[in-house]
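[1] What shape does this take:
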Amino acid sequence: MRHLTRRGPVFIAGRLGMHASTVGRVLRRHRTPLLRELDPVTGTIIRATRRSAERYEHDHPGSLIHVDVKKLGRIPEGGGWRLHGRGERPNRHRGLGYDYVHTAIDDHSRVAYAEVHDDEKGATAAGFLERAIAFYATLGVSVERVISDNAFAYRHSNVFRAVIDTHGITQKFIKPHCPWTNGKVERLNRTLATEWAYSQPWTSNADRTAALPAWLDYYNLDRTHLGIRGIPIDRVNNGRGQYS
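    Numbers count the residues shown, from 1 in each chain. A predicted model of the protein is given here:
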């Protein structure tokens, strides 16, 4: 009845002669999405949330690659406040700027690729995408679609578009103000920040950057991903044999 009427517990309870609280418990038990998470016309899920019974996922590696950029404050030589404590160092380092971590993740397998750069310009994003495509190709994965937010580098850069066209890729954009539609790479960025960027007090920016490849290997080869209940590389045909 919920699927047919797209109405709440009170309405359904009235039709079935039950208490609304009982209907609510049944809906929660079956992890039924909230009405605000559904298209009011079709009833399909329009927002993936933790309450969603099933999150949308492409059925094979390469069908869709999510890309994004994570901005991180740079670390001064000798370490920053995470190493020395706030206010402990007499020479406060101002204006160090940011690192821009360009990230990509395969929608189906969750195999990830990332690089640290000085900016998020179109040419930089284009070079990153070219190398990401090459990385997935080493695993036997052909990139068919790329989805991103509406940042200038993705939507307006001719260089980025040229990479898309050269490889015959379909380019997709999330709806404005709907970051959850690129949620897999947003989640990757949070994990990357927690488990790599801020996992320990680094003594320099170079040390942190140098540690990224090893963390990516761990993420792809050893770390269990809760979203797929397994390890990303194991969702790629002969992935372990080709990963390098």
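[2] neighbouring contacts of the helix or strand hosting Ala114?
    In the assignment (DSSP states H and E), Ala114 maps to strand 112-117. With C-beta atoms under 8 Å, 6 or more residues apart in numbering as the test, strand 112-117 has contacts from 99-106, 124, 128, 131-132, 135-136, 188, 192, 209, 212, 216, 219-220, 232. In this view, the C-beta of every residue, glycine as well, is placed from N, C-alpha and C.
[3] For it, which residues meet the burial criterion?
    Of all the residues in strand 112-117, those buried under the rule 16 or more other C-beta atoms under 10 Å are 112-116.
[4] cool, and stretch 149-165?
    Applying 16+ other C-beta under 10 Å to stretch 149-165 flags 149, 151, 153-154, 157, 159-160, 163-164 as buried.
[5] Same list, these, but as TSV with distance to Glu120, secondary structure and pLDDT please.
    Below are the buried residues of stretch 149-165 laid out as TSV (distance: C-beta to C-beta, whole Å; DSSP: H, G, I helix; E, B strand; the rest coil; pLDDT from 0 to 100):
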residue	distance to Glu120	secondary structure	pLDDT
Asp149	11	coil	95
Ala151	7	coil	96
Ala153	6	helix	98
Tyr154	10	helix	98
Ser157	10	coil	98
Val159	13	helix	98
Phe160	11	helix	98
Val163	15	helix	98
Ile164	17	helix	98
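[6] ok, so of those, who is nearest Lys71?
    Among the buried residues of stretch 149-165, Ala151 lies closest to Lys71 (C-beta to C-beta), at 11.4 Å.
[7] is it true that the closest one touches Lys71?
    No. Because the distance of 11.4 Å does not satisfy C-beta atoms under 8 Å, Ala151 is recorded as not touching Lys71.
[8] can you list residues touching both of those two?
    Both Ala151 and Lys71 are in contact with Glu120, where contact means C-beta under 8 Å, 6+ apart.
[9] just to revisit the earlier point, so which of the contacts of strand 112-117 are in strands?
    Among these, DSSP state E puts 99-106 in strands.
[10] ok, so of those residues, who is nearest Thr32?
    Among the ones in strands among the contacts of strand 112-117, and counting by C-beta to C-beta, the member closest to Thr32 is Ile105, at 28.1 Å.
[11] Quickly list what the closest one is bridged to.
    Here Ile105 shows beta-bridge partners His66, Ala112, assigned using DSSP bridges.
[12] Neighbours of Pro179, how many?
    13 (other C-beta atoms under 10 Å).
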